[in-house]
Structure formats: C-alpha cells, structure tokens
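Visitor: what's the 3D shape of this:
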Amino acid sequence: MLEELDLFVQKEKMERSEVIMEATQEFLKRKKAREVRVEMERGYIEMAKINFAIACECTHAESEAENRNIEILGG
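Guide: Residues are numbered from 1 along each chain as shown. Sure thing, here's the model as predicted:
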C-alpha cells in the first residue's frame, strides 16, 4: 500500500503527508456524517413512537369531535 501511495504522490507531485492529511479529513468527515445519520434515525424512531402514543390518546377526542360535528351539521 505504501508503494502505491508513493507512486501516487510522485505522479501527482504531492507530499505523502498531504495525501494522508486529505484522506484523514475525508475519513473523519464521512464518519461524522454516518454518526449524524444514525442519531437522526434513532430520533425519528423515538419520535414515531411518541407521535403514535399521542395519536392513540387523542383518538377518543377526535371521534367525539366528529360525532359532535355530525350532530351540528345534521348528518
């Protein structure tokens, strides 16, 4: 792998440390993006559970409101 790196830096007229630094920065950027994505997925899953619980709690009130509207509108 070092031989391949040395050929690359020679061809691109770069320093080995420069390539390693760029690769490390890219690696860390992608790692952080993956971590954020996982955390967001976790948050969405948790919020889905909370939203479902709230919706279930409100079903009775929604049904009551619908029945009242039907009474008022003469349906």
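
Visitor: The residue nearest to residue 15 when sequence neighbours are not counted: what's it in contact with?
Guide: Distances taken as Cβ to Cβ, 6 or more residues apart in numbering place residue 9 nearest to residue 15, at 6.5 Å, with adjacent residues excluded. Quick note: C-beta positions are derived from backbone N, CA and C, even for glycine. By Cβ atoms under 8 Å, 6 or more residues apart in numbering, the residues touching residue 9 are 15, 16, 18, 19.

Visitor: tell me which element residue 9 is part of?
Guide: Following DSSP states H and E, one finds residue 9 within helix 2-12.

Visitor: And for residue 14?
Guide: Using DSSP H and E, residue 14 falls outside every helix and strand.

Visitor: Show the pLDDT at it.
Guide: pLDDT for residue 14: 94.

Visitor: residues in contact with it?
Guide: residue 8.

Visitor: Can you tell me how far it is from residue 22?
Guide: 9 Å (Cβ to Cβ, to the nearest Å).

Visitor: Repeat that for residue 36.
Guide: From residue 36 across to residue 22, the span is 21 Å (Cβ to Cβ).
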